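Asks: sequence unknown, structure follows:
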Ligand code: MN
Ligand code: MN
């Protein structure tokens, strides 16, 4: 059989020259810096806005003149989601090219009444966000990020635990010596959600008072931030792992960090749109919030946020405010749902089917369908569209692979793909594969990260 008939996955490291090898390594340094500044959805949007502004993008809400081809704009929704656009030469009703990622990650949120005194400690009461394995969050250093709206209307920004001199928080685990009963339990029953309570403090106040430790920590909160207990009701405070993004492996080929699902696709998509000049079709980067809890709310993909922003864009570009123009623009568009997939984990290889599993370092991952069971809930992408994307990648030397989310009936999941598809546009899942997805230390390949950037760029920039 002649060799060209057979398909084989390519390991990127064996298929790039020295120049591209260096580009891969340099790209990863900037990505790690981005991750360290973007540990929550708000921080990701803030960091993205400053990068876009430096690259000449203007706030859509402040545009007064008519927009024209080549113009670069962005819109922020509630400080938690964002749409960036570079206007193309073609009329917008011909459709745009969209890369859509999400900026929220699984984490532990504080409850509205979070401070409790129990057995001479103050503890934080929490409610986890997104799909977590609860045991991951015990015995690790946690940092507190977020905002508190005080009664005077001032929004306090909180980041505690990132500077090496900061204190951190931690959920103390049970010692193995006394864990006999615990070890006999099913893993899903060992920790309840209510058990995820980090240590907040242990010094009691000198006042004659019922809850001396809680009283003292509330005094500290007031001294440092002017926050009273009621202010914590109007707050969004998120506990995330307190560590920085690190190189993984003696060869430094991988990155270990919290929140790579899905800031890895957010960052590579962002770098791609920042490098696009004068595209044929308008380039769009969508960074959505709330994907991990079902894309609900007015910052999630299930809202009208994309329609609202595109309506404004079409109006500022052509003066057209008709619903038909918006519908045509949406339906004629093409989208990559840029989200992560599971890479084959050498310690757990039995949950995937080896021929169809994504592998770390084998390229940007095209996922034809997600879903679970009999493809339930999947946006099963059309052969024609997958062929179109494959051709773009092949003609731009983008090393890509096909992946599926686990073997048949093993489990499953979804992305924002099906919500984009509701507009009539062609959509395919296309992102980066990770080890340890949804854990505090997700692992990616530096080679895949660079290849995803190249893939998103060539998709946004294609001229036919
Ligand atoms: Mn994701
Ligand atoms: Mn996820």
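Replies: Received, thanks. Nothing here was measured: the structure is a model prediction, and the numbers come from that model. Numbers count the residues shown, from 1 in each chain. Ligands and ions are numbered 1, 2, ... in the order given.
Asks: quick one: contacts for residue 335?
Replies: Contact analysis of residue 335 by CB atoms under 8 Å, 6 or more residues apart in numbering lists 97-100, 417, 420, 425-428. Placement of C-beta: from N, CA and C, glycine included.
Asks: which one of those sits closest to residue 389?
Replies: Comparing those against residue 389 with CB to CB places residue 428 closest, at 6.0 Å.
Asks: which residues touch the strand or helix carrying the closest one?
Replies: Following DSSP states H and E, one finds residue 428 within strand 426-431. By CB under 8 Å, 6+ apart, the residues outside strand 426-431 that reach it are 101, 262, 264-265, 333-341, 364-370, 379, 381-382, 385-386, 388-389, 415, 417-418, 420-421, 452, 455.
Asks: could you rerun that using 6 Å?
Replies: Strand 426-431 has contacts (CB atoms under 6 Å, 6 or more residues apart in numbering) with 265, 334-340, 365-367, 379, 381, 385-386, 389, 415, 417, 420-421.
Asks: show me this protein divided up by domain.
Replies: For the chain, the structural domains run 3-105+258-460, 107-241, going by automatic domain parsing.
Asks: how about those domains in a markdown table, adding distance to ligand 1?
Replies: Converted to a markdown table, the domains of the chain look like this (distance: least, CB to the ion, whole Å):
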| stretch | distance to ligand 1 |
| --- | --- |
| domain 3-105+258-460 | 4 |
| domain 107-241 | 9 |
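Asks: count of residues packed around the residue lying closest to residue 305 once chain neighbours are set aside?
Replies: With sequence-adjacent residues excluded and distances taken as CB to CB, 6 or more residues apart in numbering, residue 305 is closest to residue 77, at 5.1 Å. A count of neighbours around residue 77, defined by other CB atoms under 10 Å, yields 20.
Asks: and if you look at the one 4 residues further on?
Replies: Residues within reach of residue 81, counting by other CB under 10 Å, total 29.
Asks: quick one: it and residue 285 touch, right?
Replies: No - using CB atoms under 6 Å, residue 81 is not in contact with residue 285; the gap is 11.2 Å.
Asks: element containing the residue lying closest to residue 200 once chain neighbours are set aside, please.
Replies: Among residues not flanking residue 200 along the chain, residue 122 sits closest, at 4.3 Å (CB to CB, 6+ apart). Element membership of residue 122, judged by DSSP H and E, is strand 121-129.
Asks: partner strands of that strand and their direction?
Replies: Strand pairing for strand 121-129, using DSSP bridges, gives strand 107-118 (antiparallel), strand 199-201 (antiparallel).
Asks: one step back: of the contacts of strand 426-431, which belong to strands?
Replies: Judged by DSSP state E, the contacts of strand 426-431 include 334-337, 365-367 as members of strands.
Asks: closest to residue 399 out of those residues?
Replies: The nearest member of the ones in strands among the contacts of strand 426-431 to residue 399, counting by CB to CB, is residue 365 at 10.7 Å.
Asks: and for that closest one, the neighbour number?
Replies: Neighbour tally, residue 365, other CB under 10 Å: 29.
Asks: repeat for the one 10 residues further on
Replies: Residue 375 is flanked by 14 other residues according to other CB under 10 Å.
Asks: surely it meets residue 369?
Replies: Yes - using CB under 6 Å, residue 375 is in contact with residue 369, at 5.3 Å.
Asks: JSON lines for the ones in strands among the contacts of strand 426-431, including distance to residue 435 and pLDDT?
Replies: Shown next, in JSON lines, are these (distance: CB to CB, whole Å; pLDDT from 0 to 100):
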{"residue": "334", "distance to residue 435": "30", "pLDDT": "97"}
{"residue": "335", "distance to residue 435": "26", "pLDDT": "98"}
{"residue": "336", "distance to residue 435": "22", "pLDDT": "98"}
{"residue": "337", "distance to residue 435": "21", "pLDDT": "98"}
{"residue": "365", "distance to residue 435": "13", "pLDDT": "98"}
{"residue": "366", "distance to residue 435": "19", "pLDDT": "98"}
{"residue": "367", "distance to residue 435": "16", "pLDDT": "96"}
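Asks: nearest to residue 406, of these?
Replies: Of the ones in strands among the contacts of strand 426-431, the one sitting nearest to residue 406 (CB to CB) turns out to be residue 367, at 11.2 Å.
Asks: so that closest one bridges to which residues?
Replies: Going by DSSP bridges, residue 367 is paired in beta bridges with residue 429.
Asks: list the contacts of it.
Replies: 341, 403, 429.
Asks: now the residue sitting nearest the centre point of the chain: closest residue in space that isn't a chain neighbour?
Replies: Central residue of the chain (CA atoms, centre = their mean): residue 262, 2.5 Å from the mean position. Ranked by CB to CB, 6+ apart and with sequence neighbours excluded, the top spatial neighbour of residue 262 is residue 102, at 4.6 Å.
Asks: so that neighbour bridges to which residues?
Replies: Assigned bridge partners for residue 102, using DSSP bridges, are residue 288.
Asks: got a pLDDT number for the residue in the chain sticking out farthest from the centre?
Replies: In the chain, the greatest distance from the average C-alpha position (CA atoms, centre = their mean) is reached by residue 208, at 47.3 Å. For residue 208, the pLDDT comes out at 83.
Asks: confirm it sits in a helix?
Replies: No - applying DSSP: H, G, I helix; E, B strand; the rest coil, one finds residue 208 to be coil, outside a helix.
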